[in-house]
Structures are given as structure tokens and as C-alpha cells.
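Enquirer: model this:
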Amino acid sequence: MSLDGAEGNNDVVPLSVIGLLRSWRLGFVIASLCLGTFLVALDTTIISVAVPSIGTGFQAFEDVGWYGSAYLLTVTAFQPAFGSVYKTFNAKFTYLISVLVFECGSIMCAAAPSSVVFIIGRAIAGIGAAGLYQGALSIVGVTVNLERRPFYLGVVLSVFGIAACLGPPLGGILTENVTWRWCFWINLPIGGVSFFLILTILKLQGSRASPRISIVSRLKTLDMIGMVLIMACVCCIILALHWGSSSLPWDSSRVIGLLTGGGLLLGAFVFSQWKLKDLATVPLRILRQRSIMMGALFSFFLEMSIYVTLYFIPFYFQSAQLVSPTTSGVRGIPLGVSQIAAVVITGLIVSCTGHYVPFMVLGQAVSIIGAVFLTRLQVGTSTVLWATYLVIAGLGHGMGLQMPFTAVQVVLRDDDIPIGNATIVFFSQLGAAVAIAIGQSIFETSLARQVLKSDLPVSPETVITAGPTGLQTLTLANNPTMLRSLQDAYAAALQAVMYFALGTACAAVPFALGMQWLNVKVESRLTVVEREQECWKWKLCRWATAG
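Expert: Got it, this is the predicted structure:
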């Protein structure tokens with residue numbers, strides 16, 4: 001359904017009825033969505049510095065891998081489910097419930113008496129984060145006209161860059177000067193402001209489903225079987241990746257069994273979606289849409305490159321250059337600031353010109369250049385050089401980050417947009433999970449190889465166990481030669497991981513080129529019928545030319 005209000009069935013409220021926001025009200029709504037999305041992004045970045053202190057406090061170092069995985073597991077697994085929920089229920093109240101769920105998870109983490117309770121809190125926060133991410137995209141879709149959506153989507157998604165800048169330094173400051181628990185208490189005032197602004201400012205005159213349909217009837221329309229299957233599939237895959245990259249060998253029966261189970265569950269999910277057609281969690285007609293499938297795979301590989309860079313660059317600063325966690329976070333600011341600038345500026349340009357696919361292609365070209373430079377990082381790389389490398393990588397990441405979401409707004413009917421958003425986010429989050437697991441495996445394998453080549457009087461296992469901040473504890477009598485060899489080993493391991501980031505950046509290029517080259521400004525003036533007519537005219541023209 002277009003912004004002009006093409007006719008649809010009687011059970012769906014046209015977008016024109018929901019209403020577009022203007023002036024100060026729109027500004028407050030966007031600000032509240034930025035705060036909600038900031039919660040999601042901050043919870044991903046702030047914990048990286050606090051994990052060692054959390055593990056020490058609970059005396060449960062064997063659980064530290066779960067502190068990040070539990071959150072990532074639920075935030076990924078619940079993406080398709082929230083796509084269906086936002087399509088069926090009122091976007092405002094679904095978003096408010098997501099804020100409450102996220103805040104409950106944060107409180108559990110902040111007040112956790114044990115490691116198990118903390119992990120459960122992280123999983124609950126991940127469920128709320130999935131709803132917040134989806135809600136921000138859905139609410140922008142129902143409050144901003146199509147021509148202006150690229151800019152406002154860019155503004156909302158730019159907070160991921162802000163979190164990349166603020167998260168690690170803030171986590172270090174709170175952990176070192178107060179307590180790691182404040183890394184989670186801080187979510188309460190931020191979420192409270194977002195909740196209040198959405199509750200009081202956002203006025204939607206209807207929902208995507210007709211108010212004549214009861215809540216029970218709407219619940220019955222949800223594809224519960226499909227939701228359970230995809231959640232179980234993601235759980236199997238992420239658990240296998242988590243264990244395979246840390247505690248178990250990749251050829252262990254548990255890892256192989258989980259990967260096999262994940263594949264079978266994925267097959268069952270696809271079959272169920274085919275049988276249910278338009279009632280499915282992810283209707284196959286949406287997946288078959290060229291820009292949706294190409295955009296989802298583009299996001300998958302782009303997020304792999306982004307997360308590998310974001311996650312492992314602090315290892316370079318803390319181990320190869322021996323700086324503190326807080327200083328490491330500060331040194332990562334060029335990466336985040338350049339990403340913010342690229343997301344906002346490209347969003348503004350797309351709103352003005354209407355062309356978005358060129359920025360996906362150009363962004364990947366810049367990302368590839370940045371990744372090539374990052375593979376050259378060494379212990380003695382100067383500040384000017386590593387900062388320049390990070391800026392280039394951040395610009396490339398930011399240019400293409402929100403363009404698949406812009407494509408969703410252009411190629412899908414308004415009532416299908418939440419499903420399209422969920423598909424893109426699901427692939428991007430899955431890419432992040434896969435990237436961290438593979439990157440960790442590459443990093444540890446390369447580090448062990450470098451330690452063996454250096455003929456150091458310590459085993460690779462001892463170096464890996466000591467971690468990036470424990471190198472000086474391994475040197476006998478502060479032996480500078482041995483310390484420098486360990487620094488070089490970490491730098492070489494980082495280079496190996498950056499080659500992986502380079503490969504994923506290159507892998508995204510074909511999918512950027514496979515997108516439909518549409519124009520937002522032109523498409524915003526067409527109804528669905530007119531779009532279909534234009535499509536058939538183009539096909540007939542090609543057939544005639546070929547003939």
C-alpha cells in the first residue's frame with residue numbers, strides 16, 4: 001500500500017489513517033526512538049569492558065562467554081517474531097512493552113546475586129532489544145513520508161555509531177570508578193525518558209490491524225509454529241558457534257549435533273512458511289522480492305565486517321599497544337564518529353536525490369579499502385595512521401548500513417514493511433553472531449601459531465588464558481624482549497582477523513549490485529498499481545529489445 005492510499009482489504013487500516021507526524025511532535029518521537037535504539041546499541045558495546053570484572057565478581061569465569069551470547073541469542077531469535085507482532089498489533093503499545101521488557105532485564109543484570117541470574121537477565125534484555133530495534137524502524141515507517149524516511153532512518157541508526165564511541169569508555173569509567181552494575185542501572189533513566197516521550201507524544205490514530213478484530217483473534221493469526229521453529233534454529237546455530245569457538249572442538253559431537261539440528265529446524269521453518277503462505281511469519285513472497293533478499297544478504301556480510309572490526313580492534317589497542325580498557329575505548333572513537341557522519345549524511349543525500357543503491361556499492365568499496373589498511377596494523381603503527389584507517393572503515397560501514405531498510409520502504413506495501421525490516425535485521429544480527437564466533441576462532445588459532453613460532457617460554461594456552469590485558473604478567477623480570485614478542489603475536493593475530501573482515505566486505509559487493517536500482521522520490525509518487533505497471537513496461541521493453 002502506498003502513501004497515496006491504494007485500496008486494500010477491509011481488515012487493514014491505510015497509512016493515511018494512521019497519520020504522518022509533523023514539526024515538533026515528529027522531532028520528539030525521533031528523539032525517543034533514538035534513545036530506545038541507543039539502549040540496544042549501548043548494551044552491546046558497554047559490556048565488553050566490564051566482562052572481566054563481572055566474571056571476577058561472580059567467581060564464574062567459565063560463564064563469561066554467555067554474558068554476550070545470551071543477549072545476542074535472544075535479540076536475533078526474536079526478530080522475525082517481532083516483525084509479525086508489529087504488523088498485527090499497535091506499534092506504539094508494542095514498543096512500550098518492549099521498553100518495559102528491556103528494563104526488567106537490565107534490572108535483573110544490575111541486581112543479579114549470581115552468574116546464572118545475570119545470564120537470564122541478559123537473555124530477557126535481548127528480547128526487549130529485539131522489539132526496540134523493530135519498533136524504531138516500524139514507527140518511522142508510519143510517521144514519516146517515504147521521501148524523508150532515508151534521512152530519519154539514518155538519524156535513528158546513527159546511534160549505533162554513538163554507542164560504539166561512548167560504550168567502551170563509559171563501561172571502563174563505571175567499572176573502574178564505581179561498579180560494573182552501573183553499566184546496567186544506567187539503562188533505567190534512558191529507557192524511562194524514551195517510554196515517557198512515546199507514551200505522551202506519539203499519537204497513532206489506529207493500528208495496522210482493524211480495531212474491529214479482537215486481541216484474541218489477532219493472536220490466532222500469528223504463526224506460532226514458525227516463530228518457535230526459527231527461534232529454535234537460531235538457538236542451535238548460535239550455541240554451536242559459541243561452543244565451537246571457545247570450549248569445544250568444532251568436530252565434537254555436541255557442536256555437530258547442534259549444527260545438524262539447526263539445519264533440520266531451518267528446513268522445517270521454510271516448509272511451514274511455504275504451507276502458510278501470507279499467514280507465515282516471513283511469507284516467501286517477501287523473501288523472493290529481489291531487493292529484500294539481496295538487501296538481507298548484503299546486511300549479513302556488512303554486519304560481519306562491522307562487528308569483527310568493532311569487537312577486535314580493542315584487542316589491538318589493549319594487547320599490541322598495551323593501553324588501558326578506557327583508553328582503548330577512547331581510541332575507537334574515530335571508527336564510531338565516521339560511521340555516524342556517513343549514516344546521517346548519506347541518509348540526507350538519499351532523501352534529496354532519491355538514489356540509494358549507489359551508496360551501498362560505494363560504501364563497500366570504501367569498506368574494502370579500510371579493511372585492507374587495517375590488515376597492515378602493527379605494534380608500532382602511528383596514531384595518525386591507525387586513526388585514518390579507522391575513519392576510512394567507519395565511513396564505508398556507515399554509507400551502506402541503512403540502505404537495505406530504505407529499500408524495504410520502497411519495494412514493499414506498507415503492511416509488509418515490518419516483516420521486511422525484521423528480515424533485514426535478522427540477517428544482520430545473525431551475521432554479527434557468526435562473525436564474532438568465526439573471528440574468535442581465527443584470532444585464537446593465529447595467536448597460538450605466532451606464540452609457537454616465537455619460541456617463547458610460555459605455552460599458547462597460557463597466553464590465551466592471560467588475555468589481552470595480562471601480557472605483562474607473563475614476562476619474567478619485566479623482560480622487554482619477551483613482552484615485545486607477545487605484542488607482535490597479538491598484532492599478527494589481529495591482522496589475520498582483519499583479513500576475514502576484508503573477505504566479508506568483498507562478499508557483500510555482489511548483493512549490493514543485485515539490488516533493484518529504484519529512486520525513493522519517484523517511487524513515493526506511485527501507487528502500488530502504478531509500480532506494477534511500470535515494472536511490466538520495463539519487462540516488455542526488455543523483451544522487445546531482446547527480440
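
Enquirer: could you find the closest non-adjacent residue to the spatially most central residue of the chain?
Expert: Residue closest to the average C-alpha location in the chain (CA atoms, centre = their mean): residue 429, at 4.6 Å. Of all residues not flanking residue 429 in the chain, residue 76 sits nearest, at 4.1 Å (CB to CB, 6 or more residues apart in numbering). The way it works is simple: take the backbone N, C-alpha and C, and place the C-beta from them, glycine included.

Enquirer: list the buried residues of the helix or strand containing residue 481.
Expert: Under the criterion DSSP states H and E, the helix or strand holding residue 481 is helix 480-513. Buried residues in helix 480-513, counted by 16 or more other CB atoms under 10 Å: 482-483, 485-498, 500-502, 504-505, 507-509, 511-512.

Enquirer: what do you get for stretch 377-385?
Expert: For stretch 377-385, using 16+ other CB under 10 Å, the buried residues are 377, 378, 379, 381.

Enquirer: would you turn the residues you listed into a markdown table with secondary structure, distance to residue 340 and pLDDT?
Expert: A markdown table is the format used below for the buried residues of stretch 377-385 (DSSP: H, G, I helix; E, B strand; the rest coil; distance: CB to CB, whole Å; pLDDT from 0 to 100):
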| residue | secondary structure | distance to residue 340 | pLDDT |
| --- | --- | --- | --- |
| 377 | coil | 23 | 89 |
| 378 | coil | 28 | 89 |
| 379 | coil | 29 | 87 |
| 381 | coil | 24 | 87 |
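
Enquirer: identify the farthest-apart pair in the residues you listed.
Expert: Pairwise distances across the buried residues of stretch 377-385 (CB to CB) peak at 8.7 Å, for the pair 377 and 379.

Enquirer: overlap of the contact sets of these two?
Expert: In terms of CB atoms under 8 Å, 6 or more residues apart in numbering, residue 377 and residue 379 are both contacted by the residues 320, 491.

Enquirer: tell me who's in contact with residue 486.
Expert: Here residue 486 is in contact with 319, 451, 456, 463, 471, 474, 475 (CB under 8 Å, 6+ apart).

Enquirer: give me the low-pLDDT residue ranges for the stretch 51-200 of the chain?
Expert: Within the stretch 51-200 of the chain, the stretches with pLDDT under 70 are 52, 55-56, 60-65.

Enquirer: can you read off the pLDDT for the residue nearest to the centre of the chain?
Expert: On pLDDT, residue 429 comes in at 83.

Enquirer: and it, how close does it get to residue 289?
Expert: Distance of residue 429 to residue 289, computed by CB to CB, to the nearest Å: 20 Å.

Enquirer: and for residue 86?
Expert: 18 Å.

Enquirer: check residue 26 too.
Expert: In terms of CB to CB, residue 26 sits 29 Å off from residue 289.

Enquirer: now residue 128
Expert: Taking CB to CB, one finds residue 128 at 29 Å from residue 289.

Enquirer: what of residue 440?
Expert: 34 Å.

Enquirer: then residue 340?
Expert: Distance from residue 340 to residue 289, by CB to CB: 30 Å.

Enquirer: when those two are compared, which one has more neighbours?
Expert: Each of residue 340 and residue 289 has its neighbours counted (other CB atoms under 10 Å); residue 340 has more, 23 against 20.

Enquirer: and the residue nearest to residue 417 when sequence neighbours are not counted, what does it touch?
Expert: Residue nearest to residue 417 in three dimensions, not counting chain neighbours: residue 141, with 4.8 Å by CB to CB, 6+ apart. The contact partners of residue 141, taken as CB under 8 Å, 6+ apart, are 149, 409, 414, 417, 418, 421.

Enquirer: in whatever helix or strand residue 141 lives in, what's buried?
Expert: Here residue 141, judged by DSSP H and E, is contained in helix 115-143. Across helix 115-143, burial judged by 16+ other CB under 10 Å covers 115, 118-143.

Enquirer: hmm, residue 232 is touching residue 263, no?
Expert: No: the pair residue 232 / residue 263 is not scored as a contact, 11.9 Å apart, by CB atoms under 8 Å.

Enquirer: what about the two, which has more around it?
Expert: More neighbours surround residue 232 than the other of residue 232 and residue 263, with 18 against 13 (other CB under 10 Å).

Enquirer: tell me the spacing between that one and residue 66.
Expert: Distance from residue 232 to residue 66, counting by CB to CB: 18 Å.

Enquirer: how close does residue 487 get to residue 460?
Expert: Shown here: residue 487 relative to residue 460, a distance of 15 Å by CB to CB.

Enquirer: ok, now residue 356?
Expert: Distance, residue 356 to residue 460, by CB to CB: 46 Å.

Enquirer: and the two? Which one has more around it.
Expert: Per other CB under 10 Å, whichever of residue 356 and residue 460 has more neighbours is residue 356, with 27 against 17.
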